[in-house]
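Participant: Mind folding the following:
(2 chains)
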Number of protein chains: 2
Amino acid sequence: AAIPLTLDALRSAYAQGTSPVEVVAQVYDRIDAVADPGIFITLFDRAQVEAAAHALGAYDPNLPLWGVPFAIKDNMDVAGEVTTAGCPDFAYTAEATSTVVQNLLDAGALLIGKTNLDQFATGLVGVRTPYGAPLNSIDPDIVPGGSSGGSGVAVGHGIVTFALGTDTAGSGRVPAALNNIVGLKPTLGSLSATGLVPACRTLDTISVFALTVADAYAAFGVAASYDAADSYSRAIGIAPLAQPAPYPVIAIPSPDSIRFEGDTAQAASFASVIEALQEQGAVIREIDFSALYDVAEMLYYGPWVAERYAATEALMTTNPDALFPVTRKIISGAEALTAVDAFKGLYRLKDLIRKAEPLIDGCDALCVPTIPTFFTVAELEADPIGPNNKLGTYTNFVNLMDMCGIAVPAPPRSDGRPGSVTFLASAGEDAKVASLATRVEAMGTRTLGATDWARPAAPVLAAPCSSAIQIAVCG
Amino acid sequence: AAIPLTLDALRSAYAQGTSPVEVVAQVYDRIDAVADPGIFITLFDRAQVEAAAHALGAYDPNLPLWGVPFAIKDNMDVAGEVTTAGCPDFAYTAEATSTVVQNLLDAGALLIGKTNLDQFATGLVGVRTPYGAPLNSIDPDIVPGGSSGGSGVAVGHGIVTFALGTDTAGSGRVPAALNNIVGLKPTLGSLSATGLVPACRTLDTISVFALTVADAYAAFGVAASYDAADSYSRAIGIAPLAQPAPYPVIAIPSPDSIRFEGDTAQAASFASVIEALQEQGAVIREIDFSALYDVAEMLYYGPWVAERYAATEALMTTNPDALFPVTRKIISGAEALTAVDAFKGLYRLKDLIRKAEPLIDGCDALCVPTIPTFFTVAELEADPIGPNNKLGTYTNFVNLMDMCGIAVPAPPRSDGRPGSVTFLASAGEDAKVASLATRVEAMGTRTLGATDWARPAAPVLAAPCSSAIQIAVCG
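Facilitator: Prediction:
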């Protein structure tokens, strides 16, 4: 029988003598069984990964990711491999491995391949790719989610323990909601962007998909490092995952402002999660989400689309037909924008954040539905932009507001589709949102991703750590 | 005999029975004696200010600025008065008083008038105004400095105790150097911008000119308040002025990178200040200033000029001839800039800051000449842009790097012109740079501004306060 690819299960298997080559075999068997050619843009040769597994030598429990298979979105560099960013005409062979991937390899992880994505990480659907879109791991009629679609689907199928995505508008969270997995979107700057093809350089972060919160957080902790070579890197201490505070104050969208696009099953799922949190002691504060939606709208209709243009300028100016049609259409919106527009956008963002601050002040976190509803592949074919933007309802504002977040599976909805909520908090509060997510993760009954692996017991977490207290010493 | 208009001398006079009406009389007598119609754009009627002095009632030593005369740059609103920003066609009558001015009035200060400026605060020379430029208070051949020219000259002449300027590129520091006074440029966001005509909204701050460091810092402390209505306001605690640390580490431009435009007297003046600081215990670290100069250059040649366009857009698009010719020329540079250019500018700034960080890390402050050299009014008439930009050598990078600073008079140069250095440090370190400035202020022998008032004894400062120590409490 297959080993469930959680970290605990893998470590336990390795401690009992399983060889990483056996795990590699399981990974490739699973890939064969899934038989979805849209997941990987580059799948490494089995022999190549087996060689890497052999090279690990004897099991070393001190290497936190020893023998752990993972995949990365194909907008990150691996030395000697092609990076496409989902665009054949953009593709190049990388000379160096991106810093985050190297951190993971150094911790013993085994890289399996590079996954499909919405071209240039522009989209939340996963079907904006000339490489043939991956299928949603749970329901092939539904979009896989994007832009980190291949990574989300790979984890959903239990092909790998974790996979890196990136997240500018929600690309690290929407696929999690659609594939019944965890999507950890770190504080901007905590993971180095060296070796990453930018989408919006001021708003990008690498993100982590995994089957459990503990696994996502563990990979995040290994991946994070301050990188002087990345001007947007920040020195952010990664706190250990601890128990959530007993009575967290959690803000949710008010009944007047919450959006489900008419999806009553999604509304009921969210309500039941909030009710359960409340029963566990959470203090729920309903807030008007208008200012947050206004921020969200700025991500594509404000000046930040110019960052996508800056990242693709060589193609956009010399060979725009090289881009996927809808991607080109979105990015070309930047051509009409002036520097004055850019600064006006920055002013408006500041004004909207100021408007939202009193609503959020004093809360430990926000909790939102990760997505308002589900969309089918057919719906995206009919309208490539509208449903995409709706999927970003609860994700688009997050990086503009410099928040961190984590999408976590909730019990299945009444119709069997996966439930998912996202916790959001200020930059640096990654541990806090992850700890809150462990509460939702433990609710109800379900399997992991699209697999038949039972959800493991809740992780044993350290006692809660109070916030840092600042004292001044005068003498 | 005139009362020296320092806070201590004024408070002492008031405590001994002097009436604020007498001080108002001194102010207007001084204005008459100086006889420079270029200082004020709006000089309030003497009767109006006398009425305000009468309205103060009995001396109240608990009001920190009771009876203290001050002026403001004419880009700040006072209810019922005209704001021009140095442009007659832009002028409007303000409905409300700007937050910072109201804070000062509430503390008992007496507002005398609104001062001349480089139009739209664009310039460092003080002669880019259609209202007739003020004359430098010390040498009328030399430019008064700008953009806060009238405010700098008013303080230099001892007309008022302090005057507000604004500082985007150095407008709160360059006039200080040229008029032998103190120019305190606070941390961005510590003084509210509500009621201020913006220059570059992301980089503007109101600033304070005074005859002494203690007076500038006292006015700053009163002026500062968090303002929810200003989206760029930040809640920054204003630390009390304390003694500088005994062995501060101070970075200065390396001999290879320091710029004096051939002015050997300025070089000698700066060297002697640094030597004296060193004798007092400072540890001097010479650093390559190239990255800082590159940042400085971006202020006018990078995208930030688009912020000036955003602030003057109504005129620039409908009536550009309403602008002063050189001002129009500079601001129209924004017309060629795209949103892509704007974001590329932000990226480059981040990269340059990252390059400068290792040079600055571990230093308590930077110390620079406030200006590299002096320029005459005639030189500006011949070339309105070149000398202006050179005056910004040591000021233009500061707000882009989110630093605070203070320009402080040094002993006169060998040719009698005023000496001036500026201390700079990270956002929030206003007290630290001001405390270092008190050391330079006490050096040598000189009078205050252009007056014959002797420099008072150095202020008695509290013991140094160590930096805050952050501890985390886990339980």
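Participant: check contacts around the residue sitting nearest the centre point of chain A.
Facilitator: Centroid-nearest residue in chain A, with Cα atoms, centre = their mean: residue A:172, separated by 2.0 Å. Residue A:172 is in contact with A:148, A:165-166, A:183-185, A:205, A:207-209, A:407, counting by Cβ atoms under 8 Å, 6 or more residues apart in numbering or on different chains. C-beta here means a position set from N, CA and C on the backbone, and glycine is covered the same way.
Participant: Highest neighbour count among the residues you listed?
Facilitator: residue A:148 (38 neighbours; other Cβ atoms under 10 Å in any protein chain shown).
Participant: Give me the pLDDT for that one.
Facilitator: The model reports residue A:148 with a pLDDT of 98.
Participant: now residue A:183
Facilitator: At residue A:183, the model reports a pLDDT of 98.
Participant: returning to what we had before: double-check that the residue nearest to the centre of chain A belongs to a strand.
Facilitator: No: counting by DSSP: H, G, I helix; E, B strand; the rest coil, one finds residue A:172 to be coil, located in no strand.
Participant: filter the contacts of residue A:172 by proximity to chain B?
Facilitator: Among the contacts of residue A:172, not one lies near chain B by Cβ under 8 Å from any Cβ of the partner chain.
Participant: can you put those residues in JSON lines and add secondary structure and distance to residue B:446?
Facilitator: Conversion of these to JSON lines gives the following (DSSP: H, G, I helix; E, B strand; the rest coil; distance: Cβ to Cβ, whole Å):
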{"residue": "A:148", "secondary structure": "coil", "distance to residue B:446": "65"}
{"residue": "A:165", "secondary structure": "strand", "distance to residue B:446": "63"}
{"residue": "A:166", "secondary structure": "strand", "distance to residue B:446": "59"}
{"residue": "A:183", "secondary structure": "strand", "distance to residue B:446": "64"}
{"residue": "A:184", "secondary structure": "strand", "distance to residue B:446": "61"}
{"residue": "A:185", "secondary structure": "strand", "distance to residue B:446": "58"}
{"residue": "A:205", "secondary structure": "strand", "distance to residue B:446": "54"}
{"residue": "A:207", "secondary structure": "strand", "distance to residue B:446": "60"}
{"residue": "A:208", "secondary structure": "strand", "distance to residue B:446": "62"}
{"residue": "A:209", "secondary structure": "strand", "distance to residue B:446": "67"}
{"residue": "A:407", "secondary structure": "strand", "distance to residue B:446": "65"}
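Participant: which residues in chain A form strands?
Facilitator: Using DSSP state E, the strands of chain A run over A:40-43, A:69-73, A:82-83, A:92-93, A:110-115, A:162-167, A:182-185, A:205-210, A:249-253, A:283-287, A:365-369, A:403-410, A:419-426, A:469-474.
Participant: got CSV for those strands, with distance to residue A:237 too?
Facilitator: As requested, these are arranged in CSV below (distance: least, Cβ to Cβ, whole Å):
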stretch, distance to residue A:237
strand A:40-43, 34
strand A:69-73, 24
strand A:82-83, 30
strand A:92-93, 35
strand A:110-115, 27
strand A:162-167, 21
strand A:182-185, 17
strand A:205-210, 17
strand A:249-253, 23
strand A:283-287, 27
strand A:365-369, 19
strand A:403-410, 13
strand A:419-426, 14
strand A:469-474, 15
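Participant: list the contacts for residue A:253?
Facilitator: A:259, A:286-287, A:289, A:368.
Participant: Mind doing that once more with 10 Å?
Facilitator: Applying Cβ atoms under 10 Å, 6 or more residues apart in numbering or on different chains to residue A:253 gives the contacts A:259-260, A:270, A:286-290, A:292-293, A:366-369, A:393-394.
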